[in-house]
Every structure is written in C-alpha cells, then in structure tokens.
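Asks: what follows is a predicted protein model with its sequence.
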Amino acid sequence: MPAYNAARTIERTWREVIAHDVVDLVIVVDDASQDETLALARQLEKVVAVAHPQNRGYGANQKTCYRLALDHGADIVVMIHPDYQYTPRLLPAMVGMISSGLYDCALASRILGGTARTGGMPLWRYVPNRVLTLVANWLLGSKLSEFHTGYRAYSAALLRQLPLDANSDDFVFDHQVLAEIAWVGGRIGEISCPTRYAPEASSINFRRSVRYGLGCLATDVAFRLARWGLRPSPRFPAATQRAETPAD
C-alpha cells in the first residue's frame with residue numbers, strides 16, 4: 001500500500017485485504033503524510049509500516065514498496081491503494097491469475113465492464129484515459145483496456161526483471177512499468193474492477209494530470225524509438241528486447 005494521508009480509509013482497506021488467505025504480509029509505505037496514517041498502520045496486524053522522512057512522490061513510494069516486498073520473500077506482489085478506491089475483494093482472483101502461471105502481471109481495469117462513468121469517473125478523466133490507452137496500445141503493440149489503474153499484481157520474478165529505479169518518482173511511474181513489461185514480453189491479464197470515486201479517495205489535480213499524460217506519451221514514444229533502434233533507453237535496453245509482435 002503506497003500511502004499518503006490515508007488515515008480515514010487505511011484500516012477499512014486493511015481489514016478487507018487480510019480477510020483473504022492469499023495475503024501473508026501487508027506493506028505500508030507512508031510518504032510523509034500529514035495525518036495519522038503511519039501511526040494507524042503500525043497498530044495493525046500482519047503489517048510492515050515504514051515512512052519516508054520527506055514526501056518523495058507516488059513512484060518513489062512504489063519503489064520502496066516493491067523493494068520491501070521482495071526483501072520479505074514475496075512470490076506475488078499486489079499494489080492496492082489504502083484509500084479504498086479499489087475493492088480488495090478482487091485480491092484472490094488477481095493472485096490466482098499470477099499463481100496459475102498464465103500471467104506475469106494482472107491489472108484491475110475500471111474500463112472493462114463499461115461502468116467507469118456510472119461509477120463516478122469524471123469525464124475529464126475518462127476521455128484522456130481512453131485516448132492515452134489507445135495511443136499506448138498502438139505504440140507498444142498491446143491490447144489493454146486500461147493503462148492507468150492503480151490496482152495491480154506482479155510476480156516477483158517479473159519485478160526483478162524491470163529497471164524500476166530508472167523510472168520516475170511521480171505518477172508516470174505506473175505507465176513506465178507497463179511499457180517495460182511490454183518490452184520484456186511479460187504476459188499481462190486484466191480483470192474488471194468496479195469504479196469508486198469518493199471525497200476521501202486520493203487524486204491529482206488537473207495540472208498534474210496533464211503532466212502525467214505528457215509523461216505517458218513520452219514513454220510510449222521512447223519505447224517505439226528504442227524498438228526501431230533509433231534511440232537507446234535505460235528503460236528499454238536492447239539486451240532484453242522482446243520478439244516482434246504482429247502489431248509491428
């Protein structure tokens with residue numbers, strides 16, 4: 001759980017997470033919250049809670065989360081936000097997609113099922129989501145319904161393959177990870193997830209959303225240029241380049 005000012009929702013999320021026997025340990029990384037997030041997390045069972053002394057960003061938070069998970073011997077790592085925007089009830093299904101050996105990464109898509117708008121996703125988020133996903137599928141040669149979900153499961157083996165430290169410390173980290181998975185030929189599966197927007201859910205403002213969108217486009221272009229051999233990138237090293245797909 002990459003956490004920031006989640007005191008109102010972290011316990012509720014945790015209760016639903018540990019209700020499933022597929023969960024051995026919950027890792028909470030508090031990114032210098034201004035509320036009681038860290039104190040509450042340290043009172044919960046089956047939780048390892050650490051804090052960044054200064055706010056380092058959403059991507060930097062995830063880097064710490066994944067490093068700790070791997071250090072604690074995780075076989076499968078699931079990221080879920082502690083603001084309860086995504087339901088923990090999907091955990092067994094997402095873990096099963098990885099443990100079955102069918103997928104290396106599982107995404108909980110708010111677009112599959114067609115309920116994103118009725119679930120409260122604002123139009124100014126929905127439209128860019130669809131446009132950015134269309135462009136990403138075209139440039140990366142993928143066929144995902146959504147690139148921008150914050151509810152994901154990864155095999156530990158896959159995480160160890162990815163150059164996570166080369167990625168942004170901001171929100172575009174999420175998109176960079178999926179591009180890197182596409183680069184190494186990782187198998188990505190999706191499951192439909194209900195959309196829930198509420199006042200206590202974390203969010204980014206319009207200005208940062210624009211910056212995020214531009215970062216996604218830059219990542220996709222860098223992927224395509226590296227694929228064509230025109231511009232090398234530390235995120236897309238030639239040694240790990242996957243086989244060409246029909247989209248190429």
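Replies: Ah, there it is. Residues are numbered from 1 along each chain as shown.
Asks: so the residue sitting nearest the centre point of the chain, which state does it fall into?
Replies: The centre of the chain sits closest to Gly150, judged by CA atoms, centre = their mean, with a distance of 4.2 Å. When classified by DSSP: H, G, I helix; E, B strand; the rest coil, Gly150 comes out as coil.
Asks: that one contacts Phe173, correct?
Replies: No - judged on CB atoms under 8 Å, Gly150 makes no contact with Phe173 at a distance of 10.6 Å. Heads up, the C-betas are built off the backbone N, CA and C, glycines and all.
Asks: quick one on the thing from earlier: with adjacent residues omitted, what lies nearest to the residue nearest to the centre of the chain?
Replies: His81 (5.3 Å; CB to CB, 6 or more residues apart in numbering).
Asks: return the distance of that neighbour relative to Leu159.
Replies: 18 Å (CB to CB, to the nearest Å).
Asks: mind listing what's buried in the helix or strand harbouring Ala108?
Replies: Using DSSP states H and E, Ala108 sits in strand 105-109. For strand 105-109, the neighbour count (16 or more other CB atoms under 10 Å) marks 105-109 as buried.
Asks: helices along this protein, start to end?
Replies: For the chain, applying DSSP state H gives helices covering 10-18, 37-41, 58-71, 91-99, 123-140, 156-161, 173-183, 206-227.
Asks: return the most buried member of the ones you listed.
Replies: Ranked by mean neighbour count, the helices of the chain are led by helix 173-183 with a mean of 24 (mean count of other CB atoms under 10 Å).
Asks: in stretch 41-53, what's buried?
Replies: 41, 44, 47, 49, 51-52.
Asks: so of those residues, which ones are in strands?
Replies: Counting by DSSP state E, the part of the buried residues of stretch 41-53 found in strands is 47, 49, 51.
Asks: out of these, which is nearest to Asp30?
Replies: Nearest to Asp30, judged by CB to CB, of those is Ala51 at 4.2 Å.
Asks: give me the distance between stretch 16-33 and the centre of its chain.
Replies: 15 Å (CA atoms, centre = their mean, to the nearest Å).
Asks: mean confidence score for it?
Replies: Mean per-residue pLDDT for stretch 16-33: 96.
Asks: quick one: end-to-end length of it, please.
Replies: End-to-end distance for stretch 16-33: 22 Å, by CA to CA, to the nearest Å.
Asks: do the same with stretch 138-149
Replies: Per CA to CA, stretch 138-149 runs 18 Å from first to last residue.
Asks: got a list of contacts for that stretch?
Replies: The contact list for stretch 138-149, computed with CB atoms under 8 Å, 6 or more residues apart in numbering, reads 86, 107-112, 129, 132-133, 136-137, 174-175, 178-179, 182, 188, 190, 193, 216, 220-221, 223-224, 245-248.
Asks: ditto for stretch 36-50
Replies: 1, 3-7, 10-11, 14, 18, 23-30, 51, 64, 68, 72, 82.
Asks: let's see that with 10 Å instead.
Replies: Residues outside stretch 36-50 that contact it (CB atoms under 10 Å, 6 or more residues apart in numbering): 1, 3-11, 14-15, 17-18, 23-33, 51-52, 64-65, 68-69, 71-72, 82.
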